[in-house]
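1. with the input below, show me the fold.
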Amino acid sequence: MENNLKVNPVADHISEWSRMFSSSENLRSELDFCEDELTFLHKLIDKYFMHLMEDESLHTLNKISTRLHKTEENRKELETSNNRIMQKIGLLLENPFSQNEHQIKDSFNVTFSHVHEFQIGLRTLKSEIFEILEKSLRTEKGRKLLGHQ
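-> Numbers count the residues shown, from 1 in each chain. Below you'll find the model as predicted:
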């Protein structure tokens, strides 16, 4: 008796590409959220710039600002890379064997890994900025309490 259940490689590929496309959409959402966080950090630094100048050396402030700008550039590059991969996966969903599948999978995995590393770096940068601001504002509060404005 012959087995009537045959594996459909096209269906398996489509399912795999659909999962990857969905994961890429999630990455896009994560990167959009990171963009909002970076905007918030810029506003925070701008708002408390004078306090930071008084309490921290300009070198530290410049270093944090430079890291923030580099982080923004990195986020944009990741977003561009992710969008390219989403486009290629979309084409694969339409025609599963039209592109170099292995290259797209590798690119997807590399981008996924880079986004994860980016998020870890962003958390570290946020913590450093919050720590500097907290120290600065505590010092400013102490000056006000002592009457040294």
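
2. going forward, measure contacts and count neighbours with C-alpha atoms only.
-> Will do.

3. for this structure, where's the lowest mean pLDDT among helices and strands?
-> Ranking every helix and strand in the chain by mean pLDDT, DSSP states H and E puts helix 49-55 at the bottom, with a mean of 66.

4. buried residues in the following helix or strand past that helix?
-> Following helix 49-55 in sequence order, the next helix or strand is helix 58-94 (DSSP states H and E). Going by neighbour count (16 or more other Cα atoms under 10 Å), the buried part of helix 58-94 is 61, 64-65, 68, 71-72, 75, 78-79, 81-83, 85-86, 88-90, 92-93.

5. got the angle for the longest helix along the chain vs helix 58-94?
-> For the chain, the helix reaching the highest residue count under DSSP state H is reported as helix 101-146. Helix 101-146 and helix 58-94 are oriented at 150 degrees to each other (axes from the mean of the first three to the mean of the last three Cα atoms, to 10 degrees).

6. just checking, what packs against helix 101-146?
-> helix 9-47, helix 49-55, helix 58-94 (3 or more Cα pairs under 8 Å, 6 or more residues apart in numbering; DSSP states H and E).

7. so how far is the last one from its chain's centroid?
-> Meaning helix 58-94. 7 Å (Cα atoms, centre = their mean, to the nearest Å).

8. low-confidence ranges, the chain, go.
-> The model of the chain has pLDDT under 70 over residues 1-13, 50-51, 53-58, 96-99, 140-149.

9. and the residue nearest the centre of it?
-> L31 (4.3 Å; Cα atoms, centre = their mean).

10. and that one, what does it touch?
-> Taking Cα atoms under 8 Å, 6 or more residues apart in numbering, we find L31 in contact with R75, L78, E79, V115.

11. farthest-apart pair in the residues you listed, please.
-> Across the contacts of L31, no pair lies farther apart than E79 and V115, at 9.1 Å, counting by Cα to Cα.

12. L125: how many residues sit nearby?
-> For L125, the number of neighbouring residues by other Cα atoms under 10 Å comes to 18.

13. could you check how far it is from R75?
-> Separation of L125 from R75 (Cα to Cα, to the nearest Å): 14 Å.

14. cool, and F108?
-> Following Cα to Cα, the distance that separates F108 from R75 is 16 Å.

15. hang on, the earlier thing: what angle separates the longest helix of the chain from helix 9-47?
-> Following the same axes, to 10 degrees, one obtains 20 degrees for the angle between helix 101-146 and helix 9-47.

16. cheers, nothing more for now.
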